[in-house]
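[1] How does the following fold in three dimensions:
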Amino acid sequence: MPTSRASAVWEGKLKDGKGTFKAASGAFTGPYTFATRFEGKPGTNPEELIAAAHVQTEAACTMDMVNGTPTITRMDLTVRGKVPGLDQAGFQKAAEEAKSGCPVSRALKGIPQITLDAKLD
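    Presented below is the predicted three-dimensional model:
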């Protein structure tokens, strides 16, 4: 399987420095700061890439301070779909299996809370 790569560079001190991150393909790049990562200020951050990795799903990635360390504490997934011949129970089951079997979800198992809201449209 191919390896996906991204890079991040930080310049300066933690609170007043600045950073950039980008996909190795060049398809995405973005600046970020301490405030956009840890204080909820407008802008992007590397955690958005983690949230976006849940394909065909809206994801919200929450970071909080835990014992003085910035930690991803919650991931809320919202899945909507139109699947002919599948009822809500079947859709929910498929979404739960994807949530537990997705390579990104498996890599993020240490997040204390990952929620899933899956509904057929």
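
[2] Return the helix or strand in the chain with minimum mean pLDDT.
    Taking all helices and strands of the chain together, the one with the lowest average confidence (mean pLDDT, DSSP states H and E) is helix 46-52, at a mean of 76.

[3] Name the surrounding residues that touch it.
    Residues lying outside helix 46-52 but in contact with it, judged by Cβ atoms under 8 Å, 6 or more residues apart in numbering, are 6, 8, 21, 23, 28, 30, 32, 37, 59-61, 63, 72, 75, 104, 108. Bear in mind the C-beta positions are built from the backbone N, C-alpha and C, glycine included.

[4] Of those residues - the most surrounded one?
    residue 75 (23 neighbours; other Cβ atoms under 10 Å).

[5] Contact partners for it?
    51, 54, 59-62, 108, 111, 113-115.

[6] Kindly report the same for residue 23.
    Contacts here follow Cβ under 8 Å, 6+ apart; on that basis residue 23 touches 5-6, 29, 49.
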